[in-house]
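1. Give me a model of this one.
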Amino acid sequence: GFEYGPNGTAVRVEDDEDAQKENMDANCEKGCCDDEKKECEFGPETVDGIAADMRCEVRPGNRRGKIAFVGEVPELGSGGYWVGVIFDEPVGKTDGTTKSGKRYFDTPGPAYGGFVRGKNIEVGDFPERDIMDELDSDSDDEL
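-> Next comes the predicted model:
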């Protein structure tokens, strides 16, 4: 933490060992006792309630699609659990393969897939958007 020093500036104060142990014990009760908290951020609980063939919306960007894969992808960044999404439109960064060439799911074309962390996905009733509905407006502003 921080506290004010004698000259009025903020000074960093190191926690004592007991406080660090207390924090670690509290984190372990939550399932977060990994030094880097990798298990909490990327563990299986981050994809609870997400399964293949569910419709979803991915944040940021409100991109819609269908879940194609849920599981560990060690080839990506810090590893852990990822969700493979087949987007309705070509707004992704992959075709279901990692940069190493391992395929996890199939997409209708390049840029239709993405590997996303569970925290960025909302599953539910997200039908495909009909672009014609968005263009076909009865607005008085149009002639």
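
2. Now do stretch 83-90: everything it contacts.
-> 47, 50, 56, 58, 63-70, 92, 96, 104-105, 107-118, 121, 128-129 (Cβ atoms under 8 Å, 6 or more residues apart in numbering). Heads up, the C-betas are built off the backbone N, CA and C, glycines and all.

3. Buried members of these into ChimeraX, please.
-> In ChimeraX, the members of these classed as buried (16 or more other Cβ atoms under 10 Å) are selected with the following command:
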select :47,50,56,58,63,64,65,66,67,68,69,70,92,96,104,105,107,112,113,114,115,116,117,118,121
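
4. mind listing the strands for this protein?
-> For the chain, strands defined by DSSP state E occupy the ranges 2-4, 10-12, 55-58, 63-72, 81-87, 113-116, 121-123.

5. Out of those, which is closest to F42?
-> Ranking the strands of the chain by their distance to F42 (criterion: Cβ to Cβ) puts strand 81-87 first, at 5.8 Å.

6. Give the pairing partners of the closest one; include direction for each.
-> Take DSSP bridges as the rule and strand 81-87 pairs in its sheet with strand 63-72 (antiparallel), strand 113-116 (antiparallel).

7. mind giving me CSV with the ones you listed and columns for distance to G43 and mean pLDDT?
-> Output for the strands paired with strand 81-87, formatted as CSV (distance: least, Cβ to Cβ, whole Å; pLDDT from 0 to 100):
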stretch, distance to G43, mean pLDDT
strand 63-72, 10, 97
strand 113-116, 16, 96
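
8. Need the ones you listed in CSV (columns: distance to D88).
-> Written out in CSV, the entries for the strands paired with strand 81-87 read as follows (distance: least, Cβ to Cβ, whole Å):
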stretch, distance to D88
strand 63-72, 5
strand 113-116, 12
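
9. out of those strands, which comes closest to W82?
-> strand 113-116 (4.6 Å).

10. Could you point out which of the strands of the chain sits nearest S100?
-> When these are ranked by proximity to S100, the top entry is strand 113-116, at 12.5 Å, counting by Cβ to Cβ.

11. Can you pull out the residues in contact with that closest one?
-> Judged by Cβ under 8 Å, 6+ apart, the contacts made with strand 113-116 from elsewhere in the structure are 58, 63, 65, 68, 73, 76, 82-87, 91-96, 98, 104-105, 107.

12. can you check stretch 118-134 too?
-> Residues outside stretch 118-134 that contact it (Cβ under 8 Å, 6+ apart): 46-50, 54-60, 64, 67, 81-83, 85, 88.
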